[in-house]
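Colleague: Predicted model and sequence below, questions to follow.
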Amino acid sequence: MQFKNIPRDLVLKPLQAVSGIVERRQTLPILANVLFEHKGNTLTTIATDLELQISAKVEVPDAGDQAITVAARKLQDLLRALPDSVRRGQALAAIAGTVPPLTQDFTGCRFAPRCSFA
């Protein structure tokens, strides 16, 4: 299953909604996973602890029918580390100047000579 055409927030929000039920240490390792089912233009996220099941649905671009289980906490950490879709495609701001030599002793902020915020 490929999520490359789906904005990060469309996967992260339902994952956060269902991952509260998922425990890190389970007697059955599959219970630490969430199920993603992509049917038509609906992505369903399902988690269970064998007593309770939570599901969340979002509308996404159609990519055929697919299903996969993924480690909930690992995927959630990865998605949080990605930049949000609002900032995607924007260039990172460059800091003018050169990197200071590593042999030089510094007092205060190492970036003070080339950063207006230091």
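Modeller: Thanks, I have it. Numbers count the residues shown, from 1 in each chain.

Colleague: And the pLDDT for Asn41?
Modeller: pLDDT, Asn41: 87.

Colleague: Arg88 too?
Modeller: With respect to pLDDT, Arg88 has a value of 57.

Colleague: Next one: the spatially most central residue of the chain relative to Glu51, how far apart?
Modeller: The centre of the chain sits closest to Leu79, judged by CA atoms, centre = their mean, with a distance of 0.4 Å. Taking CB to CB, to the nearest Å as the measure, Leu79 falls 26 Å from Glu51. No exception for glycine: its C-beta is placed from N, CA and C like everyone else's.

Colleague: Same check on Leu10?
Modeller: 28 Å.

Colleague: Who has more neighbours out of these two?
Modeller: Leu10 (16 against 6; other CB atoms under 10 Å).

Colleague: Excluding chain neighbours, what is closest to that one?
Modeller: Nearest residue to Leu10, sequence neighbours excluded (CB to CB, 6 or more residues apart in numbering): Val58, at 5.2 Å.

Colleague: for that neighbour, what are its contacts?
Modeller: Counting by CB atoms under 8 Å, 6 or more residues apart in numbering, Val58 touches Leu10, Lys13, Pro14, Thr42, Leu43, Thr45.

Colleague: Sketch out the low-pLDDT regions of this structure for me.
Modeller: 1-5, 63, 84-93, 95, 100, 106-108, 110, 113, 116-118 (pLDDT under 70).

Colleague: repeat that for 80
Modeller: Within the chain, the ranges that satisfy pLDDT under 80 run 1-7, 23-26, 61-64, 83-102, 104-118.

Colleague: Please, which helix or strand holds Thr45?
Modeller: Using DSSP states H and E, Thr45 falls within strand 42-48.

Colleague: how long is stretch 80-98 end to end?
Modeller: 31 Å (CA to CA, to the nearest Å).

Colleague: With stretch 54-70 instead?
Modeller: Note: stretch 54-70 ends 15 Å apart using CA to CA.

Colleague: Okay, buried residues for that stretch please.
Modeller: Neighbour counts over stretch 54-70 (16 or more other CB atoms under 10 Å) mark Ile54, Ala56, Val58, Val60, Ala63, Val70 as buried.

Colleague: Good, wrapping up.
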